[in-house]
Each structure stands twice: as C-alpha cells, then as structure tokens.
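[1] quick check, what structure comes out for this input:
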Amino acid sequence: MTGLGDLHHFLGIYVTRSSDGLFLSHRQYALDLLQHAGMAECHSNSTPVDVRAKLSAIEGSPVADPTEYRSLAGALQYLTLTRHDLAYAVQQVCLFMHDPREPHLALVKCILRYVKGTLLAGLYISTGPVDTLVAYSDADWAGCPDSRCSTSGFCVFLEDNLVSWSSKRQTTVSRSSAVAIPVSVLLNTL
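    Here you go, the predicted structure:
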C-alpha cells in the first residue's frame, strides 16, 4: 500500500485542514443533488422544516414518481453525515418512502431549498484537550398524527465537537412524557 498524502476528499466528503482542526463538507455533493432535483436555481429557505406541521401518511395524492422521491430521500440521508441540522427533517421524509405523497415531496423540496442556502455548512472537528462530554435529548410526545408515536432525538458533544446525533420515530406509543435536560459529565473525573 502506498502513502497517498493528507486526506482531502473521501466518498463525496471534502476535508479542509487548519491548525485548529478539520472541516468536513458535502458542498459539491449538495450542488450535484440540487442539479439532479432540478433545483439548482431555486430560492433558499432559512429553515429545513416547519416543526409545528405534522405530516400524515394518508393525506394528499400519491407522487407521480415514487422512485425519484426515494432517490432524493436517500441522497438527503447521506448528506446528514456532515449536516446534523438536517437530521430531523430527513428522518421525517424517510418515514414515508413506502407510499410518498405530495405533501411529503413538498417537504423534500423545502429541505433542498434549505440546503441551497446553507451550502457552506458542514461538520467542524477541533483539536485540543478534551474535558467535557455533553449530551442533549428531546422528544415530541405522541407527535405522529397517524400512529401517535413520538419522535426523539439526541446529540452528543465531546468538548465543542459534535460526535453523535440522531432523530428517529419511536416504535411504540408513549404513555408518559419526560422533561429533556442537558447531561454533562466531566471526563477528568472518570
């Protein structure tokens, strides 16, 4: 095996090095996705989704091309590797891949307009000593209008670096709710 030098590009992710750390970006991938969706010249959104609006599995007419919907949803899922700000919205889109409807496609387009306005966003990983681990979690209680299941999410920071994040629909119906609180653990005490 030969040495290929410093990492610059891997699986569509561009890596920019500085003395402070690494910046991971899917900028070119996002541009290609917008081009594929026919939205390269669209106006941008300031948010990826309206969190107050709840999508239903049965409202609206079926999309004309479910395969195209699934292709865009899958591409957006890959984009969440460096774009944690898209996790909730993309999770909502992926819930309806079995039977996509027009309101679901409208959400895909809303996410793509947000991506258009945030092409320079990515994941920053800084260097330096690590003293704290902080985790946040939250859930909407019985937020799905069809199944009454909750959607939960979390993010974990190691110092200022986001190291893990997720958003997913729970498989069972919630019978109670809990207050979300930040949890902080000092690594020096471990």
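[2] which stretches of the chain have low pLDDT?
    Per-residue confidence for the chain (pLDDT under 70) gives these ranges: 1-2, 51-53, 141-148, 172-190.
[3] keeping just the C-alphas, turn the helix or strand where Ala139 lies into CSV.
    In the assignment (DSSP states H and E), Ala139 maps to strand 132-140. Taking C-alpha atoms only, strand 132-140 is exported to CSV below (Å, rounded to 0.1, in the frame of the first residue of the first chain):
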residue,chain,number,x,y,z
THR,A,132,-16.3,17.6,28.9
LEU,A,133,-18.9,15.3,27.3
VAL,A,134,-22.3,16.9,27.0
ALA,A,135,-25.5,15.2,25.7
TYR,A,136,-28.9,16.7,24.9
SER,A,137,-32.1,14.8,24.1
ASP,A,138,-35.7,15.7,23.4
ALA,A,139,-38.9,14.2,22.1
ASP,A,140,-42.3,15.2,21.0
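[4] the very next helix or strand once past it packs against which elements?
    As assigned by DSSP H and E, the chain's next helix or strand after strand 132-140 is strand 149-158. Counting contacts by 3 or more CB pairs under 8 Å, 6 or more residues apart in numbering; DSSP states H and E, strand 149-158 packs against helix 87-94, strand 132-140, strand 161-173. Any C-beta I mention is one placed from the backbone N, CA and C, and that applies to glycine too.
[5] how does this protein divide into domains?
    According to automatic domain parsing, the chain comprises the domains 1-127, 129-190.
[6] any chance of those in a markdown table, with mean neighbour count too?
    Below are those laid out as a markdown table (neighbours: other CB atoms under 10 Å):
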| stretch | mean neighbour count |
| --- | --- |
| domain 1-127 | 16 |
| domain 129-190 | 13 |
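[7] distance check, the spatially most central residue of the chain against Leu81.
    The chain has Ala87 as the residue nearest its centroid, 2.1 Å off, counting by CA atoms, centre = their mean. When CB to CB, to the nearest Å is the yardstick, Ala87 and Leu81 sit 10 Å from each other.
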